[in-house]
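>>> I would like the atomic coordinates for the input below:
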Amino acid sequence: MISIHEKILQYFKNHNIGSGIKLTNSNDDEEKKDAIKVEESSETEIKADEPSVKTSSSKNDFVSKLKVLDDKLKGVNSEKTLQTIEYTPLTEEEIKQKASEGIDLKYGAKLDDLASVTAKKINDVEKSNENLTKTANEQKDVLDLLYKDAEEKVEQSAIKRGISRSSIVQEQIKGLGVEKIKDLFQIDRTLASELKDNSDKISELESDYLTAVNKLNVEKALEISDKIQDRTEKQNKKIEDVLKYNNTVKRQLAEMEEKGNSPLVGEKAREIKRQMLDEALNYYMALPKEEALKEFDEDEEVQLLLGELKTMVRRYIKGGN
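Coordinates of the predicted model:
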């Protein structure tokens, strides 16, 4: 009878996988490829020692062995909770960057609002200056009309009295001119005072703006600092919790090793699945291919026990003689 070893080699040959394929011992590369999936490692790392085909093994014996191995696998999988946690803390620069996220946008909007309000206030003062200047000019125009009218009345009165060219009339007209100058000066003085007040208002607005900007910058810096401190404290707490948890797991794993229970969950699970694969190949490949394939396809219990291995088993059966 053709051994399983020869059947699998023949399967590789029929599917052009290559003549250089060798069936190696399961321990050959296991330590180098600890994270490789069971299906990959099973296809390339099936044990070299040929599983003895026991033609006398009954279906019940085969199913019983699968159930025992399935129970072992469930027990191993339950140990997966005993795994350390990998945690990579952020650097100081990364913490600062994350703490600043959204802050620039937040305070940028506040600065824009502050600038907009200040600009409107300054614009209002500048419009006030324009209005004050316009009003002063209008007052001067009215003053000109008033004094011109006054001079005309003095001259008309002098003509009626026949003294239009007398020194008295000239003194009266001169007096009106002096008063006019005083009134014009008062208008200019009032205007200058009002413009000075507005200038002071603009300076005050600019000063208040700079003060508010500095205040916002300080608030921004303090908020970023608070966030950095908060994130740092939370990260330190996380580091402490992870360290505490990992130490607990390591202690429990050490206790398991002392009791003879290997904590290498992944390795143990792969080894059990290899045993399940060997048992399935031992049973089905000892039968004629068509009979083995039919029996396998109709046996839901075996497929359920094999789980992810069922596809591989069927492929081997279908590729056999």
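
>>> hey, let's count contacts and neighbours off CA atoms from now on
Fine.

>>> tell me which strands and helices the helix or strand hosting N123 is in contact with?
Per DSSP states H and E, N123 falls inside helix 103-161. For helix 103-161, the packing partners by 3 or more C-alpha pairs under 8 Å, 6 or more residues apart in numbering; DSSP states H and E come out as helix 167-258.

>>> Quick check: what element follows the helix it packs on along the chain?
Next helix or strand after helix 167-258 toward the C-terminus (DSSP H and E): helix 265-284.

>>> Distance of Q139 relative to Y107?
For Q139, the distance to Y107 (C-alpha to C-alpha, to the nearest Å) stands at 48 Å.

>>> that older thread, compute the inter-axis angle for the helix holding N123 and helix 167-258.
With axes from the mean of the first three to the mean of the last three C-alpha atoms, to 10 degrees applied, the angle from helix 103-161 to helix 167-258 works out at 170 degrees.

>>> pLDDT weak spots in this protein?
Residue ranges of the chain with pLDDT under 70: 1-57, 76-82, 154-155, 158-166, 169, 256-257, 259-266, 320-321.

>>> okay, which residue is most central for it?
Central residue of the chain (C-alpha atoms, centre = their mean): K98, 8.1 Å from the mean position.

>>> Touching the helix or strand hosting it from outside, list them.
Per DSSP H and E: K98 is located in helix 92-100. Helix 92-100 is touched from outside by I224, K227, I228, R231, T232, with contacts defined as C-alpha atoms under 8 Å, 6 or more residues apart in numbering.

>>> now the residue nearest to the second one when sequence neighbours are not counted: how far from E223?
Which is K227. Using C-alpha to C-alpha, 6 or more residues apart in numbering and skipping the chain neighbours, the partner closest in space to K227 is A99 (5.4 Å). A99 sits at a distance of 9 Å from E223 (criterion: C-alpha to C-alpha).

>>> Which of these two has more residues huddled nearby?
Remark: of A99 and E223, A99 carries more neighbours, 20 against 15, as counted by other C-alpha atoms under 10 Å.

>>> ok, that one to L287 distance?
In this view, A99 and L287 are 68 Å apart by C-alpha to C-alpha.

>>> since we're on Y316, how many residues are nearby?
By other C-alpha under 10 Å, 21 other residues sit near Y316.
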